[in-house]
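*Asks:* here is a sequence with its predicted model. Questions after.
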Amino acid sequence: MDDYQTEEETVFVVEEVSKIIKESIEAVIGGNAYQHSRVNHWTTSVVEQCLSQLSKLGKPFKYIVTCIIMQKNGAGLQTASACFWDNNTDGSCAVRWENKSMYCIASVFGLAI
Amino acid sequence: MEEYQNGSEGSFNSEETDGIVKECIESVVAGDDYSQSQVNKWTASIVERCLTQLVKQGKPYKYIVTCAVMQKTGAGLHTANSCYWDTAMDGSCTVRWENRTMYCVVSVFAVAIA
């Protein structure tokens, strides 16, 4: 029982992180249409907001947050990632979001210290 | 002077990584046109190759490699990264590559193991 509680602190919890990412994306671009002049600001806001929510969790992790925003015009986009880490403690979570005019893909990688 | 050389071994060398990543991209997609059926295979190959080359260096790092391949149709694409880590030891490197029909953006993040 005690061990389980200790594990909770040092294991990457995908659900929790997924919620944080979704909320950050919605807060920044929910309801907006793709605008070339603003998208730079949006990507940085999404990653910053995710990162500050994640660091508030207070877990002994290093985080890497990436965000891609692409205009919808029929182009194909494929992303992949590979990780060399400790399978027991580290993890990642990617969230795909879209609206009428753009796609947003945000990923969080958490590495235990 | 001595400290500088020690620093090279103990912190992330982004020039070297840049070279490794470029070679991996070229070996997988140079000379190819964007193809919906192959792009899945390409992104997977690029990240695997990069990771293998990086791990071969034998440095005490955990690595994350991401790759995005996008067809050239005039659409806008923006990416951003933010990292919460040890700025002295950890580092990242992003390589942008393109040919006539597609863009490829590969990022490597290296996190030092204590």
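*Replies:* Yep, that arrived. Numbers count the residues shown, from 1 in each chain, chains lettered A, B, ... in the order given.
*Asks:* what segments of chain B are helices?
*Replies:* Using DSSP state H, the helices of chain B run over B:2-10, B:14-29, B:39-56.
*Asks:* what packs against the last one?
*Replies:* Helices and strands touching helix B:39-56, as assessed by 3 or more C-beta pairs under 8 Å, 6 or more residues apart in numbering or on different chains; DSSP states H and E, comprise strand A:77-84, helix B:14-29, strand B:61-71, strand B:102-112. C-betas here are computed from N, CA, C, even on glycine.
*Asks:* what is the mean pLDDT for that helix?
*Replies:* On average, the pLDDT along helix B:39-56 is 94.
*Asks:* in that helix, what counts as buried?
*Replies:* B:39, B:42-51, B:53-54 (16 or more other C-beta atoms under 10 Å in any protein chain shown).
*Asks:* contact partners of that helix?
*Replies:* A:76, A:78-84, B:17, B:20-21, B:23-25, B:27-29, B:32, B:61, B:63, B:65-69, B:104, B:106, B:108, B:110 (C-beta atoms under 8 Å, 6 or more residues apart in numbering or on different chains).
*Asks:* try 7 Å this time
*Replies:* A:76, A:78-82, A:84, B:20-21, B:24-25, B:27-29, B:63, B:65, B:67, B:69, B:106, B:108 (C-beta atoms under 7 Å, 6 or more residues apart in numbering or on different chains).
*Asks:* same question for the second one.
*Replies:* Contact with helix B:14-29 is made by B:42, B:45-46, B:49-50, B:53-54, B:91, B:93, B:95, B:97, B:104, B:106, B:108, as judged by C-beta under 7 Å, 6+ apart.
*Asks:* where does pLDDT dip in the chain?
*Replies:* If you meant another chain, say so; for now it's chain A. For chain A, applying pLDDT under 70 flags the ranges A:1-9.
*Asks:* my question was about chain B
*Replies:* In chain B, residues with pLDDT under 70: B:1-10.
*Asks:* up against chain A, what does it have?
*Replies:* Residues of chain B lying close to chain A (C-beta under 7 Å from any C-beta of the partner chain) are B:34, B:36, B:39-40, B:43-44, B:47-48, B:51, B:55, B:62-71, B:73-85, B:107, B:109, B:111, B:114.
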